[in-house]
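J.: Just the structure for this:
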Amino acid sequence: MAKIQLLVLVAFAFIGVALAGLPDFVVEGRVYCDTCRAGFETNVTNYIQGAKVKLECRHFENGKVEHVVEGVTDATGTYKLLMKDNHEEEICEVELVESPLTNCNEIIPGRNRARVTLADDTGITSNQRYANPLGYLKDSPLDICAKVMEMYKLDDDED
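T.: As a prediction, this is how the structure comes out:
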């Protein structure tokens with residue numbers, strides 16, 4: 001009898017977990033100002049406080065936007081967005097919306113959005129998701145950028 005009661009208790013526990021709701025995901029990332037106009041982060045990159053971003057999930061079959069969450073970066077250029085539920089049939093991307101810096105608001109092609117997987121059947125045990133950094137280009141590079149690019153050996157000169 002005790003085994004049956006234990007089995008029923010375990011079954012109800014699993015049902016309770018299933019009915020408790022679908023997972024909530026926390027999507028975290030950073031927004032930067034590419035101060036060297038390099039197209040990537042460098043050791044002189046600045047992170048932007050007050051940049052607006054949005055997390056948008058579109059249905060993968062028809063492209064219809066199903067969910068949108070917006071957020072703003074903190075003093076470290078970091079945003080954290082909460083997206084409720086499971087989105088296994090959707091393509092979700094974080095996208096730049098607006099830079100508060102007038103001298104650093106040009107979109108970097110390929111760095112204006114980052115795809116994140118928000119499904120609970122991916123094998124990822126955490127509900128935390130990390131998006132690739134998103135960036136804007138500074139209107140003109142800093143004076144030190146020539147030396148920075150030399151460090152990365154990415155100058156345009158042929159030797």
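J.: So residue 148, which state does it fall into?
T.: Assigned by DSSP: H, G, I helix; E, B strand; the rest coil, the conformation of residue 148 is helix.
J.: can you pull the contacts of it?
T.: Each residue near residue 148 by C-beta atoms under 8 Å, 6 or more residues apart in numbering is listed here: 36, 38, 42-44. Where you see a C-beta, it was placed from the backbone N, CA and C, and this is true even at glycine.
J.: Compare those residues and tell me which is most surrounded.
T.: Ranked by neighbour count (other C-beta atoms under 10 Å), the contacts of residue 148 have residue 36 at the top, with 24 neighbours.
J.: Distance check, that residue against residue 137.
T.: 9 Å (C-beta to C-beta, to the nearest Å).
J.: Next: residue 149.
T.: Here residue 149 is placed at a distance of 15 Å from residue 137 (C-beta to C-beta).
J.: The host helix or strand of residue 55 - contacts with which helices or strands?
T.: Using DSSP states H and E, residue 55 sits within strand 52-59. Contacts defined by 3 or more C-beta pairs under 8 Å, 6 or more residues apart in numbering; DSSP states H and E place strand 52-59 against strand 24-34, strand 65-72, strand 78-84, strand 90-98.
J.: from the chain's centre, how far out does the next helix-or-strand element following the first one sit?
T.: The helix or strand immediately downstream of strand 24-34 is strand 46-47, counting by DSSP H and E. Distance, stretch centre to chain centre, for strand 46-47: 16 Å (C-alpha atoms, centre = their mean, to the nearest Å).
J.: What strands line up against strand 46-47, and which way round?
T.: Neighbouring strands of strand 46-47 in its sheet, by DSSP bridges, are strand 24-34 (antiparallel).
J.: Just the CA trace of the partner strand, in CSV.
T.: Output of strand 24-34 as CSV, limited to C-alpha atoms (Å, rounded to 0.1, in the frame of the first residue of the first chain):
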residue,chain,number,x,y,z
ASP,A,24,10.7,31.8,-18.5
PHE,A,25,14.0,32.6,-20.3
VAL,A,26,16.4,35.3,-19.4
VAL,A,27,18.3,36.6,-22.4
GLU,A,28,21.4,38.6,-21.6
GLY,A,29,23.9,40.4,-23.9
ARG,A,30,25.8,43.6,-24.3
VAL,A,31,25.8,46.6,-26.7
TYR,A,32,29.0,48.3,-27.6
CYS,A,33,30.4,51.3,-29.5
ASP,A,34,33.0,50.2,-32.0
